[in-house]
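In: The amino acid sequence is not available; the structure is as follows:
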C-alpha cells in the first residue's frame, strides 16, 4: 500500500483503476473516526473503468499524524496528495466530515473539481440535541463508551448488531486526541454563507433516519446551493455501509449524466 508524507503525517492511500480513462479521477474522502475502506463498494465498482483515489486521513486507519484544529488543514492534506499524484482535475466525494473537506477544497479551488458529491454532510455544523449532549458528556465517560455511543447512533434502527460492533471496534482505534481535536474542527466548520459561490454540479445524498446530522440541516443547505441534486435514502448517517449499492448507483447516475447547463440565474 502506498504512503505519502505531508506536514508531520504519513498518509496511506489507494490509487486504482486505469490511468488512461477518459473521465477525471474519482477521489473519495471518509468521515470522522472512519477510514478509506468505507468506500470499498464504490471503489470496486468505479475502478473497473476509471482512476479511483482514496486515503486514510491523518490519524485515521493506517495513516499516522496528530489531530488538527481546522477542516482546512485536512483539505490541505488531500490536495497535497493529489498534487503528489499529479492529479489536477477530479470528481470529489466526501462523507460526513469528508464532505466538509470536499466543500473546503471546492471553495478554494473551484476549477479543479469537476463534480462534487456530499454524502451525509452539511455546510454548517449544528449537532442534533441528543448528539450535543453526548459530546458534552464525552469527557466524563471512558473513551470506548463514547465512541460506541456515537457509532450506534450513526446507524438506522434495525441494522445488524454484529456489523455495528465491528465498526465500533475499528473506530475505537482512532486516537482519542485525534477524535476530540477534530470534533472541535467540525464544530467550528461553517461555510453555509458561501454555499452560493459553488457552481460545481453537486449531488447531496442523505439518510432519512440520520440523527447525527439531521436531513433538515442538509435541506437548509440545499436551498441556497445553485446547482445541486438531492437524494434521500432509507438509511441513517452511515450511508456507505448501510446502503452501499444504492449509494453507488446514485453516484454512477450523477457522474455519468451530461453536465447540467448553467442558466443566467446560476
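Out: On my side now, so go ahead. Keep in mind that what you see is a predicted model, and the values were worked out from it rather than measured. Numbering: from 1, shown residues only.

In: For the stretch 101-250 of the chain, give me the ranges with low pLDDT.
Out: 127-140 (pLDDT under 70).

In: where do the helices sit along it?
Out: 129-136, 143-154, 161-171, 176-188, 215-223, 239-242, 244-256 (DSSP state H, counting those that start in this stretch).

In: Residue 60: which of the ones you listed is closest?
Out: Of all the helices of the stretch 101-250 of the chain, helix 176-188 sits nearest to residue 60, with 7.1 Å by Cβ to Cβ. Every C-beta, even on glycine, is put in place using the N, C-alpha and C of the backbone.

In: which of the residues in that closest one are buried?
Out: 178-179, 182-183, 185-186 (16 or more other Cβ atoms under 10 Å).

In: Reformat the residues you listed as TSV; add distance to residue 164.
Out: Below are the buried residues of helix 176-188 laid out as TSV (distance: Cβ to Cβ, whole Å):
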residue	distance to residue 164
178	21
179	18
182	21
183	21
185	25
186	22
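
In: any idea how far the closest residue to residue 243 other than its chain neighbours lies from residue 95?
Out: Among residues not flanking residue 243 along the chain, residue 235 sits closest, at 4.7 Å (Cβ to Cβ, 6 or more residues apart in numbering). From residue 235 across to residue 95, the span is 12 Å (Cβ to Cβ, to the nearest Å).

In: for residue 14, same thing?
Out: Residue 14 is 16 Å from residue 95, by Cβ to Cβ.

In: show me what contacts residue 219?
Out: Taking Cβ atoms under 8 Å, 6 or more residues apart in numbering, we find residue 219 in contact with residue 230.

In: Likewise for residue 152?
Out: Here residue 152 is in contact with 164, 168 (Cβ under 8 Å, 6+ apart).

In: and what of residue 164?
Out: By Cβ under 8 Å, 6+ apart, the contact list for residue 164 reads 151-152, 155.

In: now, which of these sits nearest residue 143?
Out: Taking the contacts of residue 164 together and measuring to residue 143 by Cβ to Cβ, the closest member is residue 151, at 12.5 Å.

In: pretty sure the closest one contacts residue 168?
Out: Yes. With contact defined as Cβ atoms under 8 Å, residue 151 and residue 168 form a contacting pair (4.7 Å).

In: Those two: which is more packed in?
Out: Neighbours of residue 151 and residue 168, each counted by other Cβ atoms under 10 Å, are more numerous for residue 151; the result is 23 against 19.

In: Residue 34 versus the more buried one, what's the distance?
Out: Relative to residue 34, residue 151 is positioned 10 Å away (Cβ to Cβ).

In: Pull up the overlap in contacts between those two.
Out: residue 171.

In: Count the neighbours of residue 117 for me.
Out: Residues near residue 117, counting by other Cβ under 10 Å: 27.

In: give me every residue that touches it.
Out: Contacts for residue 117 (Cβ under 8 Å, 6+ apart) come out as 91-94, 102, 202-205, 251, 254-255.

In: possible to save those as TSV with neighbour count and distance to residue 116?
Out: Below are the contacts of residue 117 laid out as TSV (neighbours: other Cβ atoms under 10 Å; distance: Cβ to Cβ, whole Å):
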residue	neighbour count	distance to residue 116
91	23	8
92	28	5
93	30	8
94	27	8
102	28	6
202	24	4
203	20	7
204	23	9
205	27	12
251	23	11
254	19	10
255	19	11
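
In: Show me which of these is closest to residue 242.
Out: For these, the nearest to residue 242 is residue 205 (11.6 Å; Cβ to Cβ).
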